[in-house]
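In: Turn this into a structure:
(one chain, ligands or ions: 2)
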Amino acid sequence: MDPSTRTGISATASARVVDVLVPVALDQTYSYRVPRGMELEAGDLIGVPLGPREVLGVVWAKNPNPDPRLHNRLKDVGEKLDIPPLKAELRAMVDWVANYTLSPRGMVLRMCLRMGEDLGPERVRVGVRLVGDPPRRLTPARRRVIDVLSDHLLHGKSEAAKAAGVSTSVIDGLVDEGTLATEPMPPAPPPPAPDPAYAQPEFTRQQRAAVDGMRALAANGTFHVALLDGVTGSGKTEVYFEAVAETMRRGKQSLILMPEIALTGQFLDRFAQRFGVRPIEWHSELTPRTRARNWAAIAAGEAPVVVGARSALFLPYAKLGLIVVDEEHDQAYKQEDGVRYHARDMAVVRAHIARIPIVLASATPSIETEVNARKGRYQRIELSSRFGGQHMPHIEAIDLRREVPPRGRFISPRLAGEIRSAIERREQALLFLNRRGYAPLTLCRACGHRFACTICDAWLVDHRFRQRLVCHHCGFSMPRPHVCPNCAAEESLVAVGPGVERLQEEAAALFPEARTMVLSSDLITSIDTMRSELNEIAEGRVDIIIGTQLVAKGHNFPRLNLVGVVDADLGLSNGDPRAAERTWQLLNQVIGRAGRDQGRGVGYLQTHQPEHPVMKALVACDREAFYASEIEARERTLYPPFGRLASLIVSAGDRSSAEGFARRLVGLAPRDERVQVLGPAEAPLAVIKGRYRFRLLVKSARGFDLSEYLRQWLAAAPRPKGNLKLEVDVDPQSFF
Ligand code: ADP
Ligand code: ZN
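Out: Residues are numbered from 1 along each chain as shown. Ligands and ions are numbered 1, 2, ... in the order given. Model (predicted):
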């Protein structure tokens with residue numbers, strides 16, 4: 001080869017540099033040289049050397065003018081993976097979310113690449129076929145394998161072993177004997193696609209208007225936000241399924257986001273009843289293999305509908321055409337660790353970037369969404385009555401100051417009487433108490449000692465099923481002692497206050513014949529066990545359900561007509577600016593479980609403050625009164641959506657360093673009349689896991705770029721060193 005041509009090539013090659021983002025906690029991209037013969041475009045997935053390892057990375061940009069002095073020190077890209085590139089739309093989303101939440105871009109990218117280890121094309125599976133004579137030594141296990149394979153067809157190796165009830169080593173033995181031969185299995189066919197015309201329901205007149213709105217929005221296919229605002233049981237799911245169907249017909253993918261806990265089998269079955277097959281799922285409990293397969297199907301555009309928890313928002317859809325956020329008001333959409341993002345808000349961002357429609361569905365919209373609908377920024381599509389003409393539940397308050405439960409009990413006589421008649425009518429009753437465990441506090445009757453966590457500022461919660469006292473903040477637990485550790489009195493410990501386990505005890509004592517079931521997240525080991533327990537209830541094998549907010553979401557229990565809220569005031573006094581909103585949403589949702597099928601639903605609110613505006617709005621079924629007063633209060637105090645908030649949480653192993661650093665931060669806050677920095681204040685939960693916590697609350701005007709303000713502030717501030725930690729939470733949902 002002519003030497004001059006060679007130099008010529010390397011001169012052009014010197015321009016071939018790409019900037020690569022890697023999915024680790026780093027914000028900046030790194031430059032790599034593209035080896036000869038490799039063609040790379042922005043979005044391509046590649047392997048790159050990083051320190052001693054080769055890691056997965058994504059080409060973020062081509063770098064047309066790399067610094068020539070650096071060039072020789074750059075490392076080469078390792079390999080290009082045979083995976084569709086991340087689209088510009090998703091890369092823009094990563095940049096946007098990182099910028100908004102002040103997270104390193106690599107951390108956001110990591111959420112897009114959670115496909116597990118099996119990156120490339122699916123591992124080739126081994127199949128086995130019966131080809132030779134039986135071996136001389138024919139054990140019963142071997143005989144069973146030969147029986148299973150007697151059709152001489154190709155079977156998956158592990159499936160064959162499972163069918164024969166043997167380990168795969170038995171199969172390996174038969175391969176060695178020449179009885180069986182191995183062959184690669186052809187790749188599994190993609191699952192059958194959902195059919196938009198499979199079983200379209202007949203809609204009521206009111207639903208038809210909403211369905212028309214859904215279809216029009218999906219058919220337009222441009223950015224547009226609709227609030228599907230319908231009372232519980234009005235058919236919101238059936239109605240937004242029509243937007244999904246229309247999106248399918250247009251050959252695009254739909255994403256349905258749900259709070260994780262609402263991803264029930266019941267929902268998947270309903271989807272299958274409407275579209276013929278279950279959708280692709282995405283949540284934290286997928287096996288690595290399913291995760292990899294689903295990710296690949298989504299990226300290849302072979303998954304027409306994905307139903308997932310908030311993390312599904314960051315998947316690499318090949319042709320996303322619609323997003324639905326079900327239960328849009330749900331607090332579970334906020335991720336509280338790592339990248340602190342709100343999936344509903346970021347879903348609107350993604351729809352905006354991708355220029356596609358989005359539907360927010362709720363019976364109790366968040367104040368933010370309600371205000372957007374009132375101002376006309378979101379289209380409101382309404383369903384004001386229940387499907388099938390069922391009435392909304394009738395709601396009554398039980399004033400606990402007058403109707404007092406017996407000593408040491410929590411169910412008032414009136415509520416107990418109503419439950420008794422419900423059971424006699426062979427209907428179900430739900431007792432709702434948003435408190436896990438048996439009792440929130442244990443104390444010694446002799447000396448007054450209270451059991452507290454040793455490393456958190458919190459009482460230990462008595463969990464009788466597990467026989468332990470547990471800290472709900474750090475997970476610390478200890479066996480419930482028989483002797484007071486403070487005064488050595490015996491049998492002197494008493495449980496104070498109720499949790500769901502204690503209510504079950506009370507219900508069992510009041511109604512010995514009734515079948516009771518406790519539904520609480522700590523008693524549920526997996527989504528599967530939860531799905532089967534919900535099925536038991538739906539099939540009527542339980543008379544009294546005792547549950548935490550786990551039961552509030554998205555289930556249909558046809559025989560449930562009575563809901564008793566044991567402590568309606570529980571969420572009102574916790575210092576959270578959204579306390580009223582959350583209480584209203586949660587109680588509406590829970591009581592909305594009643595009377596969905598036949599008979600009249602009724603809800604009882606046990607409360608010490610029946611005159612509270614939230615209780616009054618609930619009893620009067622006066623939604624407008626609630627929104628009007630809450631929106632007015634937010635506007636007056638400039639809380640979201642009329643102002644913006646961010647929290648800075650400083651923590652350290654000792655109180656004075658945490659407080660000192662927090663004070664220094666306040667002193668360094670840039671002055672701006674549109675911003676108010678409040679604090680530092682000791683956090684309501686002042687110590688978690690042995691770390692002392694101080695909070696700053698930053699308030700700004702609505703249109704203000706709070707993220708940019710925070711970035712400039714923190715860039716000029718000292719970095720938290722050693723034991724100090726600073727967490728930034730833009731648009732905080734939690735204030736403890
Ligand atoms: P929401 O989500 O508003 O609470 P759902 O979509 O769960 O309401 O609907 C409540 C019940 O009514 C479900 O069992 C659903 O299948 C049924 N339903 C709603 N609309 C129809 C319809 N047009 N035809 C048949 N069943 C319907
Ligand atoms: Zn603790």
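
In: Quick one: the helices in the stretch 201-350 of the chain, in order.
Out: Using DSSP state H, counting those that start in this stretch, the helices of the stretch 201-350 of the chain run over residues 205-220, 236-249, 265-275, 288-299, 343-354.

In: what packs against the longest one?
Out: Using 3 or more Cβ pairs under 8 Å, 6 or more residues apart in numbering; DSSP states H and E as the contact definition, the elements that helix 205-220 packs against are strand 224-230, helix 236-249, strand 357-362, strand 379-383. All C-beta atoms are positioned from the backbone trio N, CA, C, and that covers glycine.

In: Return the most buried member of these.
Out: The densest packing among the helices and strands packed on helix 205-220, expressed as mean neighbour count by mean count of other Cβ atoms under 10 Å, is seen in strand 357-362 with a mean of 26.

In: mind exporting that one as PDB, just the C-alpha atoms?
Out: Output of strand 357-362 as PDB, limited to C-alpha atoms (Å, rounded to 0.1, in the frame of the first residue of the first chain):
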ATOM      1  CA  PRO A 357     -50.900  13.200  22.800                       C
ATOM      2  CA  ILE A 358     -51.100  12.300  26.500                       C
ATOM      3  CA  VAL A 359     -54.100  11.400  28.700                       C
ATOM      4  CA  LEU A 360     -54.100  12.000  32.400                       C
ATOM      5  CA  ALA A 361     -56.900  10.000  34.100                       C
ATOM      6  CA  SER A 362     -58.200  10.500  37.600                       C
END
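
In: can it be found next to ligand 1?
Out: No. Strand 357-362 lies out of reach of ligand 1 by Cβ under 6 Å from any ligand atom, never closer than 7.2 Å.

In: just for the stretch 251-400 of the chain, where's the confidence low?
Out: Along the stretch 251-400 of the chain, segments meeting pLDDT under 70 span 261-263.

In: OK, now which residue of it is nearest to ligand 1?
Out: Closest to ligand 1 within the stretch 251-400 of the chain is residue 387: 3.6 Å, counting by Cβ to the nearest ligand atom.

In: Near that residue, how many other residues are there?
Out: Neighbourhood size, residue 387 [other Cβ atoms under 10 Å]: 20.

In: what's the closest non-adjacent residue to it?
Out: Residue nearest to residue 387 in three dimensions, not counting chain neighbours: residue 235, with 4.3 Å by Cβ to Cβ, 6 or more residues apart in numbering.

In: Quick one: distance of stretch 673-684 to the chain centre.
Out: Mean C-alpha position of stretch 673-684 versus that of the full chain (Cα atoms, centre = their mean, to the nearest Å) differs by 29 Å.

In: Not counting its own residues, what contacts that stretch?
Out: With contact meaning Cβ atoms under 8 Å, 6 or more residues apart in numbering, stretch 673-684 is reached by 574-575, 649-650, 659, 662-663, 665-666, 669, 693-701, 704, 706, 709, 735-736.

In: Restrict it to CA atoms and write it as CSV.
Out: Coordinates of each C-alpha in stretch 673-684 appear next as CSV, following Å, rounded to 0.1, in the frame of the first residue of the first chain:
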residue,chain,number,x,y,z
GLU,A,673,-36.5,39.1,44.7
ARG,A,674,-38.4,36.3,43.0
VAL,A,675,-36.9,33.7,45.4
GLN,A,676,-37.4,33.1,49.0
VAL,A,677,-35.2,30.7,51.0
LEU,A,678,-36.8,29.4,54.1
GLY,A,679,-34.9,27.6,56.9
PRO,A,680,-32.8,25.8,57.8
ALA,A,681,-35.2,24.0,60.0
GLU,A,682,-34.7,20.7,61.6
ALA,A,683,-36.6,18.2,59.5
PRO,A,684,-39.8,16.8,60.9
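
In: pLDDT (mean, whole number) over it?
Out: Averaged over stretch 673-684, pLDDT sits at 94.

In: Next, see if the helix or strand containing residue 678 gets close to ligand 2.
Out: For residue 678, the element it lies in under DSSP states H and E is strand 675-688. No. Legend: contact between strand 675-688 and ligand 2 by Cβ under 5 Å from the ion is lacking; minimum distance shown is 6.9 Å.

In: Give the buried residues for that strand.
Out: The neighbour-count check on strand 675-688 (16 or more other Cβ atoms under 10 Å) flags 675, 677, 679-680, 682-683, 686-688 as buried.

In: Just flag the most distant two among those residues.
Out: Within the buried residues of strand 675-688, two members stand farthest from each other by Cβ to Cβ: 675 and 687, at 29.0 Å.

In: okay, the angle between the helix or strand containing residue 95 and helix 288-299?
Out: Assigned by DSSP H and E, residue 95 belongs to helix 88-101. Orientation note: helix 88-101 sits at an angle of 110 degrees relative to helix 288-299 (axes from the mean of the first three to the mean of the last three Cα atoms, to 10 degrees).
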